[in-house]
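1. prediction below, plus the sequence it came from.
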Amino acid sequence: MAAATAVAAEVVVADAEAAINTITNLPRLGVGFGFRDRYHTDVFVHRSSIDFLEITADHFFDASRAKREQLELLSRNFTLIPHGLSLSLGSAEGIDDVYLRQLADIVSAVSPPWWSEHIAFTHAGGIDIGHLTSLPRTKESLAVLGRNIRRAKAAIPMPLILENITESIRYPGDQIDEASFLGELLEENDCGLLLDVTNLYTNSVNYRFDPLPLLWRLPRERIVQLHFAGGHWQDETLIDSHSTPACEEVWSLLREVLAYADVRGIILERDEKLPPLTEILIEVNRAREMYLQAKSNNHPASREG
Ligand SMILES: [Fe+2]
């Protein structure tokens, strides 16, 4: 009986090691940006300045022939990371079968090294809320997320990384602090973290806390990809609008994250006031310099990558 227990324990340890190896062995992609239709020609003109692209999976659901051809062309020329917007992993009622199938089809079509979704809900009680909404940090939320993530992973057998969002509300009944919540979520479900540096910064400004102690409590081996972007002020609140270049505070935090974790890829997000691609690439190139500098300083084993 004791021997059987020991064997079972070894199997559990081996499974845990294999799981974390899946995350730590993900390829290093470099720096790119979130693809938007405006840039459909320019990405080829500037191909050598773009290491990879993130696509919003939802933009290719029920795609026209022209959109399907665009996706094929992009996937032949770039590594694409599909990013979902509305899977609603935090919905207590579960995730939508039709949406999950559409998402799975897009992920399968581009064969990415990983795909991403948000730690949030967008649907509740049959209502589409229309934006990403934060969850109470409770055991119940972790259970709901776990149930939905298991279903998503069964349908999409590629590594899943989860993104922290900008929180427009926080709940008085939170039972778990943010770092513990994220750590438990990632470990229990064997997911990577898509750390949105701007979201972390925005929350730190709006809720008045220092982002660095939080960063340093996150499981560094699970930080796979970063997002960064620029927002704007509305009254006393910083809005994560993806409408401006990133501010210097975000660049500083980005540098801290790169020193802390062996990040595999960085994506600049821009959704409003889309500038010419050459302006986007100024930020992409700056991020790449920081990424390569961090790799040579802190992660010498990754130099070949
Ligand atoms: Fe983001």
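-> That came in fine, so what should we check first? Residues are numbered from 1 along each chain as shown.

2. would you verify that W233 is located in a strand?
-> Yes. Counting by DSSP: H, G, I helix; E, B strand; the rest coil, W233 falls inside a strand.

3. wait, it sits on D240?
-> No. The pair W233 / D240 is not scored as a contact, 11.4 Å apart, by C-beta atoms under 8 Å. For the C-beta atoms, the positions are set from N, CA and C on the backbone; glycine is no exception.

4. between these two, who's got more neighbours?
-> Neighbour count, other C-beta atoms under 10 Å: between W233 and D240, D240 has more, with 23 against 9.

5. how close does the closest residue to the more buried one other than its chain neighbours get to T198?
-> Closest residue in space to D240, ignoring its immediate chain neighbours: T166 at 4.1 Å, by C-beta to C-beta, 6 or more residues apart in numbering. Applying C-beta to C-beta, to the nearest Å, the value for T166 to T198 is 8 Å.

6. so which of those two has more stuff around it?
-> Remark: of T166 and T198, T198 carries more neighbours, 25 against 21, as counted by other C-beta under 10 Å.

7. name the SS class of the more buried one, please.
-> Going by three-state DSSP: T198 is helix.

8. next up, the contacts around it.
-> T166, H227, F228, A229, G230, G231, D240, A246, V250, E269 (C-beta atoms under 8 Å, 6 or more residues apart in numbering).

9. ok, now which ones touch the last one?
-> Neighbouring residues of E269 by C-beta under 8 Å, 6+ apart: F33, G34, E54, T198, H227, F228, A229, H242.

10. next: the third one.
-> Listed by C-beta under 8 Å, 6+ apart, the contact partners of F228 are D196, V197, T198, A246, V250, L254, I266, I267, L268, E269, A287.

11. intersection of neighbour lists for T166 and T198?
-> With C-beta under 8 Å, 6+ apart as the test, T166 and T198 both reach D240.

12. for G130, pull up the helix or strand it's in.
-> Element membership of G130, judged by DSSP states H and E, is strand 127-133.

13. quick check, pLDDT for the residue in the stretch 51-200 of the chain positioned nearest to the ion.
-> The stretch 51-200 of the chain approaches the ion most closely through D196 (3.8 Å), counting by C-beta to the ion. On the pLDDT scale, D196 is placed at 98.

14. how is the residue lying closest to it once chain neighbours are set aside assigned, secondary-structure-wise?
-> Nearest residue to D196 in three dimensions, chain neighbours excluded: H227, at 4.0 Å (C-beta to C-beta, 6+ apart). Following three-state DSSP, the label given to H227 is strand.

15. hey, what's H227 bridged with?
-> D196, I267 (DSSP bridges).

16. can you offset everything so residue one is 773?
-> Right, with 773 as the first residue, what we last looked at is H999.

17. touching, it and V969? I think so.
-> Yes. The pair H999 / V969 is scored as a contact, 6.7 Å apart, by C-beta under 8 Å.

18. neighbour-wise, which of the two wins?
-> Taking neighbours as other C-beta under 10 Å, H999 and V969 compare with V969 leading, 26 against 23.

19. ok, now which ones touch that one?
-> Per C-beta under 8 Å, 6+ apart, neighbours of V969: L998, H999, F1000, V1022, L1025, L1026, V1029.

20. up against the ion, what does the chain have?
-> For the chain, the residues found near the ion under the criterion C-beta under 5 Å from the ion are D968, H999.

21. please, where are all the strands along the chain?
-> Taking DSSP state E as the test, the strands found in the chain are 802-806, 825-828, 852-855, 887-890, 893-896, 899-905, 932-935, 964-968, 995-1000, 1002-1006, 1009-1016, 1037-1040.

22. dump the residue contacts of L798.
-> Contacts of L798 by C-beta under 8 Å, 6+ apart are P885, W886, P931, G964, V996, R1036.

23. switch to 7 Å and redo it
-> By C-beta atoms under 7 Å, 6 or more residues apart in numbering, the residues touching L798 are P885, W886, P931, V996, R1036.

24. wait, doesn't the last one sit right on R994?
-> No. Between R1036 and R994 there is no contact under C-beta atoms under 7 Å: 11.0 Å.

25. circling back to that earlier point, wait, which of the strands of the chain is closest to A835?
-> strand 825-828 (11.4 Å; C-beta to C-beta).

26. report the distance from that closest one to the chain centre.
-> Taking C-alpha atoms, centre = their mean, to the nearest Å, one finds strand 825-828 lying 11 Å from the centre of the chain it belongs to.

27. could you do stretch 906-913 as well?
-> With C-alpha atoms, centre = their mean, you get 19 Å for stretch 906-913.

28. stretch 918-925 too?
-> That offset, for stretch 918-925, works out to 16 Å (C-alpha atoms, centre = their mean).
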